[in-house]
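Enquirer: Have a look at this prediction, sequence included:
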Amino acid sequence: MTLLATGSLLVAGSVAAGNDVVVDSDVTKVTQVLAAEVKAERITVEQAKEMELNRAETYEVTSTVSVDNLGMQISEKLKDSIMPYYSIEFNDPTSDDESYKAVVTEYFGKVE
C-alpha cells in the first residue's frame, strides 16, 4: 500500500489517475470530511511510532461506489471510536481491482 496524504499525512509522490485509485485530490476530499466529522486526530504511522502510541485496531474499508463513499464509511467507523488518534493508508495506485480501499489504524496513548 502507498501512503498518500495532505496535511499531516505523508505524500508518496504523484500518481496516475485511474478509476480504481485514490489520488491526491481524492485524499484531500476524504481528509476534509474526516476533519469536520471526527474528533480523533489524524497522524502518520511514523508520528505514532515517535509518540510511542499503541495500536488499538486496524481495519480495511472498501467501496466499489466512489471515493466519497469510502470517506463516508471511514467517517462512520471513526465517529464510533473512542481512540484519540488514527492513520490512513489508501490503496496502491497500481491496483487492478475496481474498488477504493483504505487501511485505517487507530491508536491510543503510551502505557506507562
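Expert: Received the coordinates, thanks.

Enquirer: Strands of this protein, residue ranges please.
Expert: Counting by DSSP state E, one finds strands in the chain at the ranges 41-42, 54-63, 85-90, 100-108.

Enquirer: what residue ranges in the chain are flagged as low confidence?
Expert: 1-23, 92-97, 111-112 (pLDDT under 70).

Enquirer: Enumerate the beta-bridge partners assigned to Glu106.
Expert: Using DSSP bridges, the bridge partners assigned to Glu106 are Glu57, Tyr86.

Enquirer: residues near Val65, how many?
Expert: Val65 has 12 neighbours, counted by other C-beta atoms under 10 Å. Where C-beta positions appear, they are placed from N, C-alpha and C, glycine not excepted.

Enquirer: mind exporting stretch 78-90 as CSV, just the C-alpha atoms?
Expert: Provided in CSV are the C-alpha atoms of stretch 78-90 (Å, rounded to 0.1, in the frame of the first residue of the first chain):
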residue,chain,number,x,y,z
LEU,A,78,-14.2,6.7,13.4
LYS,A,79,-17.2,8.6,14.8
ASP,A,80,-18.0,5.5,16.9
SER,A,81,-14.4,5.1,18.1
ILE,A,82,-13.1,6.4,21.4
MET,A,83,-9.4,6.3,20.3
PRO,A,84,-7.8,9.7,20.1
TYR,A,85,-5.6,9.1,17.0
TYR,A,86,-5.8,7.4,13.6
SER,A,87,-3.8,7.0,10.4
ILE,A,88,-5.0,6.1,6.9
GLU,A,89,-3.2,4.2,4.1
PHE,A,90,-5.0,4.4,0.8
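
Enquirer: residues touching the closest residue to Tyr85 other than its chain neighbours, list them.
Expert: Distance criterion C-beta to C-beta, 6 or more residues apart in numbering; nearest residue to Tyr85, sequence neighbours excluded, is Tyr107 at 4.1 Å. With contacts defined as C-beta atoms under 8 Å, 6 or more residues apart in numbering, Tyr107 is in contact with 43, 48, 53-56, 83-87.

Enquirer: Okay then, goodbye and thanks.
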